[in-house]
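[1] Sharing a model that was predicted from the sequence below.
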Amino acid sequence: MRGGTGGGDVHRLMRAGLLAAVCAIVLAACGAQEQSATHSSVGVTTITTESRAGIDAAIAVCHQVITSAGVMVRDYNAFIARLNQTQDYAKIDKEDRYAVETLNTGVEEMRKAITPAVPVDIEQKVQDFITASEQLSEQIGQRRKLALNSAMERWSEQRTTVIDSCGEFMPTGIS
């Protein structure tokens, strides 16, 4: 699984490949339903170039948030499962490091997805999730068990808020 010499590199490459595949699938599905998403989020009114750019930017940042959040949750849960099993950071192998790396990578990828065209309300929610992700990463990295629960609760709340807001821009498959 994880561990061994060079295993981290292989794991990171596998994770990056999985992330790329998920992004490609999500983007392909959304491209096929983009017309429906436009109509569901802005009605049947005429779409200006500026509003179209905002919708496209929101869709792009939301794809990244959803993709990053999925990977973050997976590695955070693996870390927590191992910590709960051992009750000791010294005995959890590298799960804490993997969780921190995944959170930090997710933050980097979400930041890259933010463009000036992203609507302000979505950008603020993404920024709030980024901040919560950085705080959770810090608590894990500093091995602060007592602060971990409150950081995780805030992270979970911010993740839910941004994903719920992204739902407005995601295609429903209903035409």
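    Done, it's in. Residues are numbered from 1 along each chain as shown.
[2] what comes into contact with stretch 141-148?
    Around stretch 141-148, the neighbours that count as contacts under C-beta atoms under 8 Å, 6 or more residues apart in numbering are 83, 89, 96, 100, 136, 139, 140. C-beta: built from backbone N, CA, C; applies to glycine.
[3] first to last residue in that stretch, what's the distance?
    10 Å (C-alpha to C-alpha, to the nearest Å).
[4] The longest helix belonging to the chain packs against which elements?
    Counting by DSSP state H, the longest helix found in the chain is helix 49-86. Applying 3 or more C-beta pairs under 8 Å, 6 or more residues apart in numbering; DSSP states H and E, we find helix 49-86 packed against helix 7-32, helix 34-42, helix 95-113, helix 120-141, helix 145-166.
[5] Name the residues of it that are buried.
    Residues 51, 54-69, 71-72, 75-76, 78-80, 82-83 are the ones in helix 49-86 that count as buried (16 or more other C-beta atoms under 10 Å).
[6] what's the farthest-apart pair in the contacts of stretch 141-148?
    89 and 136 (15.3 Å; C-beta to C-beta).
[7] now stretch 72-85: mean pLDDT?
    Averaging pLDDT along stretch 72-85 yields 95.
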